[in-house]
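**Student:** Generate coordinates for the sequence data below:
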Amino acid sequence: MLAGIWCTLTPDQGNGDTKIIPRISCDVLGQCCQTPAANTLFHSVKSSLYSENPSTLGFPDQQGASGYFLGSSTLTQSEIEHVQNFLLAKGHMLQNTRLEKDVRDGGNHYTVRVASIAKDPPDGQETSYLLPNQGGRIEFVYGDHSDVLEAMVDHLTQAMEYVRNEEQKAYLQATVEHLSSGSMQAHKDASTAWLKDEHPSIETLIGFIESYRDPTAVRCEFEALVAVQNLELTRQLMALAACGESAIQRLPWCQPPYLSPESVSPFENERFIKPDFVSLDGDDLLVNGR
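**Tutor:** Predicted coordinates for the structure are as follows:
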């Protein structure tokens with residue numbers, strides 16, 4: 001059990017598919033917590049630790065667990081999808097947000113919490129909407145996780161002194177802007193710069209990236225990766241990729257009767273694009289639910 005929790009930093013296996021239930025009794029596990037601090041911590045979590053529900057990630061109204069949906073009133077799947085579709089139609093990107101529901105003055109109030117250092121929205125950003133048919137009010141609140149993001153931005157700013165090219169500098173600048181303002185467009189700009197930085201010796205990837213843990217597959221977990229390129233294995237993979245076009249020509253569907261001199265194989269593109277292989281050895285991966 002402890003190995004599983006240390007692996008994912010949660011009481012869940014993988015990306016939240018199944019909750020880890022201790023195979024020893026609550027009393028026996030409690031005896032392992034000898035120090036006052038450990039005993040206090042254990043008693044604060046033992047009830048939820050041994051509870052069989054929620055047993056997996058999902059919507060709150062379906063006994064699913066999620067850190068994306070908050071508030072004093074339970075959010076239903078239909079509400080989540082309705083608010084989400086409304087905001088997506090308005091052009092909002094919700095990858096770095098959480099949704100909160102409360103009832104105020106007899107009406108539903110939905111708060112969209114945006115991960116950012118800044119507590120104020122970007123200039124020109126619409127932050128309040130009324131849902132049609134008296135469906136409630138939506139408000140954006142910035143500054144979610146601001147303390148943690150501020151520490152990250154401080155280190156990323158220092159890292160700009162050590163970039164090897166303009167692409168890496170552009171990537172870090174856009175990532176700092178993304179974490180500072182909450183702008184998902186800045187994250188997209190960072191991804192563009194990241195793709196242009198070919199074959200870096202040290203690979204980094206930072207931001208709200210994986211959507212596996214959101215039952216609507218929209219909101220993303222924060223992830224930070226540092227990896228080192230394996231030069232020898234990368235060389236071998238590139239040599240394999242260089243043989244790709246000639247290897248494709250030997251495939252069964254690239255031979256008669258499937259292929260005539262005037263036709264293209266039904267399973268291949270007209271133009272072969274050689275893949276860009278890089279082998280990476282992971283050094284550090286920070287993500288919840290892995």
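**Student:** Tell me where this structure has strands.
**Tutor:** 12-13, 18-19, 69-70, 97-104, 107-115, 128-131, 136-144, 202-210, 221-229, 280-287 (DSSP state E).
**Student:** Contacts only, for the nearest residue to G136 once chain neighbours are set aside.
**Tutor:** In space, not counting the residues next to it along the chain, G136 is nearest to N108; the distance is 3.2 Å by CB to CB, 6 or more residues apart in numbering. For the C-beta atoms, the positions are set from N, CA and C on the backbone; glycine is no exception. N108 sits next to 73, 79, 101-102, 131, 135-137 when contact means CB atoms under 8 Å, 6 or more residues apart in numbering.
**Student:** please redo it, this time with the cut-off set to 7 Å
**Tutor:** Counting by CB atoms under 7 Å, 6 or more residues apart in numbering, N108 makes contact with 101, 135-136.
**Student:** circling back: TSV for the strands of the chain, including mean pLDDT and distance to Q62?
**Tutor:** Formatted as TSV, these follow (pLDDT from 0 to 100; distance: least, CB to CB, whole Å):
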stretch	mean pLDDT	distance to Q62
strand 12-13	66	16
strand 18-19	78	15
strand 69-70	94	11
strand 97-104	96	15
strand 107-115	96	19
strand 128-131	95	22
strand 136-144	96	21
strand 202-210	90	22
strand 221-229	91	20
strand 280-287	84	25
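**Student:** Which of the ones you listed sits closest to S51?
**Tutor:** strand 18-19 (8.5 Å; CB to CB).
**Student:** Indicate which one of the strands of the chain is closest to L29.
**Tutor:** strand 18-19 (15.5 Å).
**Student:** low-scoring stretches of the stretch 151-290 of the chain, by residue?
**Tutor:** 257-265, 288-290 (pLDDT under 70).
**Student:** Spell out the residue ranges of the helices in it.
**Tutor:** Along the stretch 151-290 of the chain, the segments classed as helices by DSSP state H, counting those that start in this stretch run 166-181, 184-196, 231-242, 244-248.
**Student:** which other residues reach the shortest one?
**Tutor:** Pointing back at helix 244-248 there. 254, 268, 272, 274.
**Student:** C-alpha coordinates for that helix, PDB please?
**Tutor:** Coordinates of each C-alpha in helix 244-248 appear next as PDB, following Å, rounded to 0.1, in the frame of the first residue of the first chain:
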ATOM      1  CA  GLY A 244      11.400   4.000 -43.300                       C
ATOM      2  CA  GLU A 245      10.600   4.900 -46.900                       C
ATOM      3  CA  SER A 246      12.400   1.800 -48.400                       C
ATOM      4  CA  ALA A 247      10.900  -0.400 -45.700                       C
ATOM      5  CA  ILE A 248       7.400   0.700 -46.500                       C
END
